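Asker: sequence first, then the predicted structure, then my questions.
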Amino acid sequence: MAGTVPKLAAPRPAAAGPLPSQPLRSAALAFAPSARRFRVSLAARARSPVIAMASAKEGNGAVTKRTTLHDLYEQQGQSPWYDNLCRPVTDLLPYIANGVRGVTSNPTKAISSSNAYDGQFKELISAGKDAESAYWELVIKDIQDACKLFEPIYDETDGADGYVSVEVSPRLANDTQGTVEAAKWLHKVVNRPNVYIKIPATAECVPSIKEVIANGISVNVTLIFSVARYEAVIDAYLDGLEASGLSDLSRVTSVASFFVSRVDSLIDKMLEKIGTPEALALRGKAAVAQAKIANQLYLKKFSGPRWEALVKKGAKKQRLLWASTSVKNPAYLDTLYVDPLIGPDTVSTMPDQALDAFIDHGTVARTIDANVSEAEGIYSALEKLGIDWEEVGKQLEHEGVSSFKGSFDSLLTSLEEKGNALKTAANL
Ligand SMILES: O=C(CO)[C@@H](O)[C@H](O)[C@H](O)[C@H](O)COP(=O)(O)O
């Protein structure tokens, strides 16, 4: 479907002064997720329209409201996912009713910003668990509960959609075999058909992806920042499918999570340092340009004799999943990382900010393969200015891994302290 093709990445000019106010929120948004989800207190959350809708049970437990998210999937074949999972997991029901078809989780963020885990944590500590085992039990419960909510979508689509992803310990991001073992363990304990085990696309974990896929486990490959690494990820998926020995490959699926906004955040800084008018004019354009080029690679790799041989055994394409879709620069359009990346067989995982903006004023039109030569022009113009895409990828990967590890470590430290305090209080 052609539709109106918006111009590639259209940041508001930096010199434009104060931001124009956002368009008035439509009636649909009254039912959309709250953008302040992590900050609101439980009492305030109970008053939010989206949570209220969850308790106004009808049929499957939520009032169905047609939104652009339904159009995104039905008209363009892109699956909108929600980039947030926290308790109570039933809060996902109105999101599902609004057209969300899967979820990516960041458990350290969820657990550290909510007291909804305290009760189960206390029980686990009283039962003699250490902080890390208790952490995994909290996570596994959320993932299993969410998998149940998305199971109807998984079944309806014959295993193509309706996934919930959960990451292996970020401490293993540079440990090939440790990641394989952790993925197998997590897959076994979650024990749901629609779980994605999230593995980072570090150089050390690319071989883990192959092995985990070969073991018949579905994977969300995360933290992809460059086209070169993305190609290695696709190869690992294809190698894994070929090595699996399964006669039916239809239930071993994968998504490749290509991070978007962080690319602009870093490259914009580099362009500002260069400071020429040509460099400044390219701000806010790198991430979408690279993502469009990644999609071209996807089209190339998932065609031809090698791929066709796998299709005969039921293999499904490893879909591109756009992650890090919320804008970080308030001068940019708030749908900058969603509108221009719409196309068939892709996933866009959105936190509340991006989801709210897209429901309110997103444009549902096929854009992923529009203006590809413009994207290629931007990509090489950046190279000519001295931007080394592989180096950018490496730096972002390093920062991404460190930040995930950092929040995991600090959560575990605080859970250990909490656990010790509980044990002391209970004389354990
Ligand atoms: O699971 C995934 C992607 O695989 C997502 O939850 C992913 O971690 C998130 O989109 C990003 O961490 C969010 O990135 P950012 O908005 O903080 O830059």
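Answerer: Sure, I can see it.

Asker: tell me who's in contact with residue 318.
Answerer: Contacts for residue 318 (C-beta atoms under 8 Å, 6 or more residues apart in numbering) come out as 221, 233-234, 237, 253-256, 302. From N, CA and C alone the C-beta is placed, and that goes for glycine too.

Asker: oh, that last question was meant for residue 326, not what I typed.
Answerer: By C-beta under 8 Å, 6+ apart, the residues touching residue 326 are 261, 334, 337, 350-351, 353-354.

Asker: just these now: which is nearest the ligand?
Answerer: The closest of those to the ligand turns out to be residue 261 (C-beta to the nearest ligand atom; 5.3 Å).

Asker: isn't the closest one up against residue 328?
Answerer: Yes - counting by C-beta atoms under 8 Å, residue 261 touches residue 328, with 5.2 Å between them.

Asker: and these two? Which one has more around it.
Answerer: residue 261 (21 against 13; other C-beta atoms under 10 Å).

Asker: how near is the more buried one to residue 95?
Answerer: 21 Å (C-beta to C-beta, to the nearest Å).

Asker: does the ligand sit close to the helix or strand hosting residue 396?
Answerer: Assessed by DSSP states H and E, residue 396 sits inside helix 389-425. No - residues of helix 389-425 are not located near the ligand by C-beta under 6 Å from any ligand atom, the shortest gap being 7.4 Å.

Asker: intersect the contacts of residue 326 with the contacts of the ligand.
Answerer: Okay, of these touching the ligand (C-beta under 6 Å from any ligand atom), that's residue 261.

Asker: what pairs with the closest residue in space to residue 143 that isn't next to it in sequence across the strands?
Answerer: Spatial nearest neighbour of residue 143, chain neighbours left out: residue 166 (4.7 Å); criterion: C-beta to C-beta, 6 or more residues apart in numbering. On the basis of DSSP bridges, residue 166 is bridged to residue 197.

Asker: what distance do you get for residue 166 to residue 362?
Answerer: 28 Å.

Asker: buried residues in stretch 157-175, which are they?
Answerer: Going by neighbour count (16 or more other C-beta atoms under 10 Å), the buried part of stretch 157-175 is 159-170, 172-173, 175.

Asker: so which of those are in strands?
Answerer: Taking DSSP state E, the ones among these that sit in strands are 164-167.

Asker: quick one: the residues you listed as CSV, columns for distance to residue 149 and pLDDT too.
Answerer: Shown next, in CSV, are those (distance: C-beta to C-beta, whole Å; pLDDT from 0 to 100):
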residue, distance to residue 149, pLDDT
164, 8, 98
165, 14, 98
166, 14, 98
167, 19, 97
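
Asker: how about stretch 116-123: buried residues?
Answerer: Here stretch 116-123 shows 116-117, 121-122 as buried, counting by 16+ other C-beta under 10 Å.

Asker: alpha carbons only: can I get that stretch in PDB?
Answerer: Below are the C-alpha coordinates for stretch 116-123, written out as PDB (Å, rounded to 0.1, in the frame of the first residue of the first chain):
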ATOM      1  CA  ALA A 116       4.100  -4.600  43.700                       C
ATOM      2  CA  TYR A 117       6.900  -7.200  44.000                       C
ATOM      3  CA  ASP A 118       7.400  -6.800  47.700                       C
ATOM      4  CA  GLY A 119       4.900  -9.400  48.800                       C
ATOM      5  CA  GLN A 120       6.200 -12.300  46.600                       C
ATOM      6  CA  PHE A 121       9.800 -11.200  47.400                       C
ATOM      7  CA  LYS A 122       9.100 -11.500  51.100                       C
ATOM      8  CA  GLU A 123       7.600 -15.000  50.700                       C
END
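
Asker: make sure the residue nearest to residue 143 is actually in contact with residue 190.
Answerer: Yes - shown here, residue 166 and residue 190 form a contact pair, counting by C-beta under 8 Å, at 6.8 Å.

Asker: can you list residues touching both of those two?
Answerer: Counting by C-beta under 8 Å, 6+ apart, the residues touching both residue 166 and residue 190 are 140, 143.

Asker: quick one: name the residues of this protein near the ligand.
Answerer: Residues of the chain lying close to the ligand (C-beta under 6 Å from any ligand atom) are 83, 104, 106, 165, 198, 220, 222, 257, 261-262, 323-324, 326, 349.

Asker: quick one on the thing from earlier: which residues sit in contact with the residue nearest to residue 143?
Answerer: 105, 107, 139-140, 143, 186, 190, 195-198.
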